[in-house]
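J.: all I have is the shape, not the residue letters:
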């Protein structure tokens with residue numbers, strides 16, 4: 001694992017202390033535009049505090065959603081497309097989109113980033129495909145962190161120290177990572193009222209761009225993927241989570257309580273911008289309304 005050094009160049013021109021692995025394109029990132037989207041004034045030095053602040057700012061600003069898949073547009077993981085969608089159009093996305101964009105910002109700030117692959121669990125009793133993306137990030141002190149701004153409903157607000165059973169309290173939510181019995185798989189868990197709940201597992205094997213291209217193709221096109229069937233939008237806040245799946249709107253809280261109601265298809269046009277910050281074109285709304 002590379003050890004980062006702090007760049008002395010002024011933001012937003014700070015670049016990684018070492019170049020990223022071949023295939024990644026952080027140099028194409030519009031740093032000022034992305035920071036403006038997050039409400040951050042300038043690119044910080046690669047400290048643990050800066051990592052936490054950038055992570056929270058991204059989660060607060062950019063929602064989780066799969067609506068481009070539902071309207072038939074698909075998901076393009078190239079940096080220009082990610083910026084056009086999540087930054088310029090102020091839309092959201094899912095794990096590959098969020099974490100690829102965030103990884104580029106972190107590398108431009110001077111963090112050492114390793115892009116990893118994982119498997120969503122969410123209480124499943126079977127092995128799901130490796131179609132989740134997470135990040136291992138090292139700050140200027142060499143501390144490794146698990147960062148993930150793209151998990152959705154039970155996703156992290158802040159990074160977690162990448163240490164066995166390191167617990168992180170984030171607003172009303174509590175998380176930890178655990179090293180599992182096989183010695184190379186790590187699990188990320190959220191604390192529920194009845195105990196620890198598995199969110200996803202991952203390994204620390206570095207991924208390549210094509211690994212995400214393949215996983216993204218399955219996730220965005222396969223009839224076996226849940227992302228191709230149900231329109232979804234989600235946001236996580238310190239004291240509540242909002243999730244719209246199909247026509248079911250759910251607001252859940254850290255104590256395990258939740259409120260759920262069915263919304264009318266015609267209400268989606270107002271609900272998406274008001275609750276999730278997602279503004280769609282009339283043509284996109286017409287297609288979605290037929291799918292709700």
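T.: Received the coordinates, thanks. Remember, predicted model here, so these are calculated numbers, not experimental data.
J.: pretty sure residue 159 sits against residue 55.
T.: Yes: counting by C-beta atoms under 8 Å, residue 159 touches residue 55, with 5.3 Å between them. For glycine as for every other residue, the C-beta is placed from the backbone atoms N, C-alpha and C.
J.: shaky segments in the stretch 1-150 of the chain?
T.: 1-22 (pLDDT under 70).
J.: how about the helices of the protein, start to end?
T.: 31-38, 48-61, 67-70, 79-82, 95-109, 209-221, 268-271, 282-291 (DSSP state H).
J.: of those helices, which is nearest residue 188?
T.: Set against residue 188 and scored by C-beta to C-beta, the helices of the chain come closest in helix 95-109, at 12.6 Å.
J.: by contact count, what packs against that closest one?
T.: Where contact means 3 or more C-beta pairs under 8 Å, 6 or more residues apart in numbering; DSSP states H and E, helix 95-109 is packed against helix 31-38, helix 48-61, helix 79-82, strand 112-120, strand 132-138, strand 144-147, helix 209-221.
J.: just say which of those is most tucked in.
T.: Most buried of the helices and strands packed on helix 95-109, by mean neighbour count (mean count of other C-beta atoms under 10 Å): strand 132-138, with a mean of 24.
J.: now do the end-to-end distance for stretch 184-203.
T.: End-to-end distance for stretch 184-203: 6 Å, by C-alpha to C-alpha, to the nearest Å.
J.: name the residues of that stretch that are buried.
T.: For stretch 184-203, the neighbour count (16 or more other C-beta atoms under 10 Å) marks 186, 187, 188, 189, 190, 199, 200, 201, 202, 203 as buried.
J.: turn the residues you listed into JSON lines, including distance to residue 67 and pLDDT.
T.: Below are those laid out as JSON lines (distance: C-beta to C-beta, whole Å; pLDDT from 0 to 100):
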{"residue": "186", "distance to residue 67": "31", "pLDDT": "97"}
{"residue": "187", "distance to residue 67": "30", "pLDDT": "96"}
{"residue": "188", "distance to residue 67": "26", "pLDDT": "97"}
{"residue": "189", "distance to residue 67": "29", "pLDDT": "96"}
{"residue": "190", "distance to residue 67": "25", "pLDDT": "95"}
{"residue": "199", "distance to residue 67": "23", "pLDDT": "96"}
{"residue": "200", "distance to residue 67": "22", "pLDDT": "96"}
{"residue": "201", "distance to residue 67": "27", "pLDDT": "96"}
{"residue": "202", "distance to residue 67": "26", "pLDDT": "97"}
{"residue": "203", "distance to residue 67": "30", "pLDDT": "97"}
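J.: farthest-apart pair in these, please.
T.: Longest span within those, C-beta to C-beta: 190 and 203, 19.8 Å.
J.: what mean pLDDT does stretch 277-288 get?
T.: Regarding stretch 277-288, the rounded mean pLDDT is 90.
J.: tell me the span between the first and last residue of that stretch.
T.: 16 Å.
J.: can you redo the helices and strands packed on helix 95-109 as TSV with distance to residue 154?
T.: As requested, those are arranged in TSV below (distance: least, C-beta to C-beta, whole Å):
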stretch	distance to residue 154
helix 31-38	22
helix 48-61	12
helix 79-82	23
strand 112-120	10
strand 132-138	12
strand 144-147	14
helix 209-221	18
